[in-house]
Structures are given as structure tokens and as C-alpha cells.
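Peer 1: Need coordinates for the following:
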Amino acid sequence: MISQETAPPASLDDVKGWFPKIDQLLFTWLLERQERLGERGDLVELGSYLGKSAILMGRHLREGETFTVCDLFDGDAPDDSNQAEMRGSYSTLTRRAFESNYRAFHDRLPEIVQGPTSLILDHVQPETCRFVHVDASHLYEHVKADIEAAHVMLPAGGLIVCDDYRSEHTPGVAAAVWRSVALDGLRPICVTTQKLYGTWGDADAVQDDLLEWLAGREDAWHEVQQVAGRRLVRVRGKGATRPRNEATRLKERLVEAERRLARSKAGLARAQKELADVRGSVSFKVGRAATALPRALRDARKA
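Peer 2: I've put the predicted structure just below:
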């Protein structure tokens, strides 16, 4: 078998990693919304594994913006707990594999900081970013520091996405994320099975646009809950497909409608033929004659 390092992926699905389709859709929609609104700023990812989410984020990098990823890759962790986590979960992670995957989709690599995420503020200036994805360590102290660093890098309206905010094997992430909501003013926008999306700015405006977008989608389910007096949108995929533009989506719906219509017409034609065959059969004619005979006798008696 050819290894991933020697066979560049042909599509995002070929890149190993945990990045559900519904989160791919939300990343794309949120980044495109920023672009529509003219919001500018750099992109940052803390923890990149083999590059699956980084590849998607890189598609939305505009001229004059910088994309920075920070990961240990195959380097040493800053403490024993983090080193044990690396050995247990990410033993196959290498910078070479990340770069190979990323170059399969982009001509230019992002700025790479190989080291603990505690270094990120040495490379990214305060309030210069519009989108930060936190997906590095699962240890409470590290995630807490990563979220605090994101708060520094993002202006009020910037977006943060926190991975593994609810998984049973990552309670440290949950504790750090909800601590920031309760004590540091982070306002959740929406949640999926795997990620929490939030901002330290106006969550209501993003939610209004998000709900309008979700109302027109057939591949996503959503509901609105109230958490501590604030609105929270819960989103799940219903066989969600990879992001595509609106024209393509409408064309696909038209093709499917035409297929359903063709199947209905074919079914109607079969039913009409079966009905004609029954009416033309001997048993049908005999049945009609048998029904007509008693009627003729009744008419004769009346006469």
C-alpha cells in the first residue's frame, strides 16, 4: 500500500482526520460570510494534525492576509502530560505529512510554528485575526490558555471554533470552554456534535444569518435552545455533503425532481397497462356477464 506521505490526497475526504461534513459546511459558510461583509483579518489554527481543516481554511485566505498554524508535529511536548497525550493519540503526526497534504491543494504553505501553542502570541499580533480554530491539546490548562490567546488575537467580532468541547474523553476541553463562556464573556453562536462556535462580539447578528441559511438547507437539522438566558443554535448534519455553491445545489435539486417525476410517470404507465390487461381478460368479461344475468331476470319479473 502506498503511504499517505507518498500519495498526495485527491480530495479533502482523502486526508485523515476528524472533520465532519457539517463542520466543513459551517466553516465555509462563516468564512464566506466574513468575506461578504468585507471583514478582513488573519486566520489561525492551533493544532493541525494532518491538515484537513487547515486545507479548507486556506481556501479562504485573501491577499494581504496571513494563515498561521501552530502544532508540535513531531517535536517534543512542553510537559510530561502533554508528551503522554502525543504518544497515545498522535504518534503518526509529522510535519512532513502535513506539508505534503497541504501542498496537494495549495501552492503556498501557511506560516508554520512548530512548537507548543503557548508560542502563538509571539507570532501573531493582538486583534489581527478574524477566525481562530482551537484544536490542540485536550488538557484543561492548555485549552484554557489557547482560548485566552484566541481572545487576544481576535477583535470583538472575530470568530473562535473549539473542537472536542463535549466528548467524554476530553473533559478538560469542556471545562475550559464553558469556563470562558461563564467568566470571560465568550458568547456561543452554535454547536455541532464536535465543535462549539463563538465570538466575543455580537452573536445575535451571526445567529440571525445562520438561521436564515439553515432554513433553506435539506442536509442539515437545527434547533434553537436557551442557555443561561442566551440563544444557542444546535446543528446536526443529515447526510451533509461537502460545501458547494448555490447554483450547483439548485441544479442538483432540479435533476432529482426530474428523476422523481420520471419514476412517477413510469409507475403510472405500468398501472394503466395492468388495468387495460385486466379489463381485456376473459375472467373480467365473464364476471360482467354473470352480473348482468340476475339483473335481466329481475327486469323480466317486473314486466
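
Peer 1: wait, doesn't Arg103 sit right on Arg96?
Peer 2: No - using CB atoms under 8 Å, Arg103 is not in contact with Arg96, being 10.7 Å away. All C-beta spots, glycine's among them, are computed from the backbone N, C-alpha and C.

Peer 1: Name the residue in those two with the higher neighbour count.
Peer 2: Set Arg103 next to Arg96 and count neighbours by other CB atoms under 10 Å: Arg103 wins out with 14 against 10.

Peer 1: From His142, how far off is that one?
Peer 2: Separation of Arg103 from His142 (CB to CB, to the nearest Å): 29 Å.

Peer 1: in a strand, that's where Arg234 is, yeah?
Peer 2: Yes - Arg234 sits within a strand when classified using DSSP: H, G, I helix; E, B strand; the rest coil.

Peer 1: Does it have any beta-bridge partners, and if so which?
Peer 2: Per DSSP bridges, the residues bridged to Arg234 are Val191, Glu223.

Peer 1: Please tell me how far Arg130 sits from Phe67.
Peer 2: Counting by CB to CB, the gap from Arg130 to Phe67 is 11 Å.

Peer 1: what touches both of the two?
Peer 2: When contacts are counted by CB atoms under 8 Å, 6 or more residues apart in numbering, Arg130 and Phe67 have 42-43 as shared neighbours.

Peer 1: Could I get the full set of strands for the stretch 151-300 of the chain?
Peer 2: Secondary structure of the stretch 151-300 of the chain (DSSP state E, counting those that start in this stretch): strands at 159-163, 187-191, 195-199, 220-227, 230-237.

Peer 1: So which of the ones you listed is nearest Ala54?
Peer 2: strand 159-163 (12.5 Å; CB to CB).

Peer 1: In this structure, what helix or strand scores lowest on average pLDDT?
Peer 2: helix 80-89 (a mean of 48; mean pLDDT, DSSP states H and E).

Peer 1: From the contact counts, what lies against the helix or strand following it?
Peer 2: Next in sequence after helix 80-89, counting helices and strands by DSSP states H and E, comes helix 95-103. When contacts are defined as 3 or more CB pairs under 8 Å, 6 or more residues apart in numbering; DSSP states H and E, helix 95-103 sits against helix 52-58, strand 67-71, strand 111-114.

Peer 1: right, so of these, which gets closest to Val191?
Peer 2: Shortest distance between Val191 and those, using CB to CB, is found for helix 52-58: 16.7 Å.

Peer 1: Buried residues in the closest one, which are they?
Peer 2: The neighbour-count check on helix 52-58 (16 or more other CB atoms under 10 Å) flags 52-58 as buried.

Peer 1: Could you check how many residues crowd around Asp122?
Peer 2: Using other CB under 10 Å, Asp122 has 9 other residues around it.

Peer 1: swap that for Ile189, sorry
Peer 2: 24.

Peer 1: and it, what does it touch?
Peer 2: Taking CB under 8 Å, 6+ apart, we find Ile189 in contact with 159, 197-199, 203, 206-207, 210, 232-233.

Peer 1: need the residues you listed in JSON lines with neighbour count and distance to Asp277, can you?
Peer 2: Below are the contacts of Ile189 laid out as JSON lines (neighbours: other CB atoms under 10 Å; distance: CB to CB, whole Å):
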{"residue": "Leu159", "neighbour count": "26", "distance to Asp277": "64"}
{"residue": "Tyr197", "neighbour count": "24", "distance to Asp277": "60"}
{"residue": "Gly198", "neighbour count": "25", "distance to Asp277": "65"}
{"residue": "Thr199", "neighbour count": "20", "distance to Asp277": "67"}
{"residue": "Ala203", "neighbour count": "23", "distance to Asp277": "64"}
{"residue": "Val206", "neighbour count": "22", "distance to Asp277": "61"}
{"residue": "Gln207", "neighbour count": "20", "distance to Asp277": "59"}
{"residue": "Leu210", "neighbour count": "21", "distance to Asp277": "55"}
{"residue": "Leu232", "neighbour count": "20", "distance to Asp277": "60"}
{"residue": "Val233", "neighbour count": "20", "distance to Asp277": "55"}
